[in-house]
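1. Attaching a predicted model along with its sequence, questions to come.
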Amino acid sequence: MDQLNKNNGKETAAKETTDKEILIFQAITDLINEGSDLTKMKVGDITARAGIGKGTAYEYFSSKEEMIEKALKYSMVSNIMNVMELIEKEESFRDKFFCLLNYMEDHKDKVRMVMWMFRIKGQMMDFSAENICDVSEEEAQDAIQYITMLGTWFLSFADKENLFTEQNTNFRISALLSQVVQFGMYLHFGNPDEIESVKEFVYEGLIKQLN
């Protein structure tokens, strides 16, 4: 995981992200978790929640779109690094996979932020037809590279147990993401009483897809 820490930008983010930027990110997170529509969210809404002035916010960001984009990325990277540390403590791939699902269950609000960033098969930043954040081709490629790196790291634990016969990297990561996203969607729209059986279902689904 050390190499991932070095490459994923969290170390840089930790050094360069200021307290006021974090206030902005947390304000956006809170507003999203309360059901605010990103397409209607205003800079004033964000700064009022953060407890800072608009002028101060514009010292750090050029637009509302940049605030939202960076808030989502910051949340995504922070949560991924947190769960990676927990995953590494588990022994088997099954335990690691369930550790991920349990983290998602215990942190539904944080998962909602990450789900804004991901769609099935690694597509990134789906902000509806409004396109509130334009993602450049370079940013999209960076996102895909990051997802590929994380997926490869996670699936390497399964390879140590010879769990999968499928060797195509893109298909392997697509299968992993599809099961994780499926579980994330169920967390928000499904029956809470069936969560444990759904965990088993998505794990078995991953095993079947990759064999």
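-> That came through, no problem. Numbers count the residues shown, from 1 in each chain.

2. Pull the distance from the helix ranked longest in the chain to the chain's centre.
-> Longest among the helix segments of the chain by residue count, using DSSP state H, is helix 64-89. Mean C-alpha position of helix 64-89 versus that of the full chain (C-alpha atoms, centre = their mean, to the nearest Å) differs by 6 Å.

3. Now it: buried residues?
-> If you call a residue buried by 16 or more other C-beta atoms under 10 Å, then helix 64-89 has these buried ones: 64, 67-81, 83-84, 87. No exception for glycine: its C-beta is placed from N, CA and C like everyone else's.

4. Also stretch 28-46?
-> 28-29, 31-32, 36, 38, 41, 46.

5. again, but for stretch 94-111
-> 96-101, 103-105, 107, 110-111.

6. For Glu161, state which of those is nearest.
-> Using C-beta to C-beta, Lys96 is the member of these that lies nearest Glu161, at 10.4 Å.

7. Quick one: mean pLDDT for the longest helix of the chain?
-> Mean per-residue pLDDT for helix 64-89: 85.

8. ok, now stretch 150-160?
-> 93.

9. how close does Glu69 sit to Ser92?
-> Glu69 sits 37 Å away from Ser92, taking C-beta to C-beta, to the nearest Å as the criterion.

10. got it, and Gln182?
-> 22 Å.

11. Looking at those two, which one has more neighbours?
-> For Gln182 and Ser92, the more surrounded residue by other C-beta atoms under 10 Å is Gln182, and the numbers stand at 17 against 13.

12. count of residues packed around the closest residue to that one other than its chain neighbours?
-> Beyond its immediate neighbours in the sequence, the residue positioned closest to Gln182 (C-beta to C-beta, 6 or more residues apart in numbering) is Val202, lying 5.8 Å away. As a burial measure, Val202 scores 20 neighbours (other C-beta under 10 Å).

13. Backbone dihedrals for Val202, please?
-> Dihedral pair for Val202: phi -70, psi -30, per degrees, to the nearest 10.

14. Sounds good, over and out.
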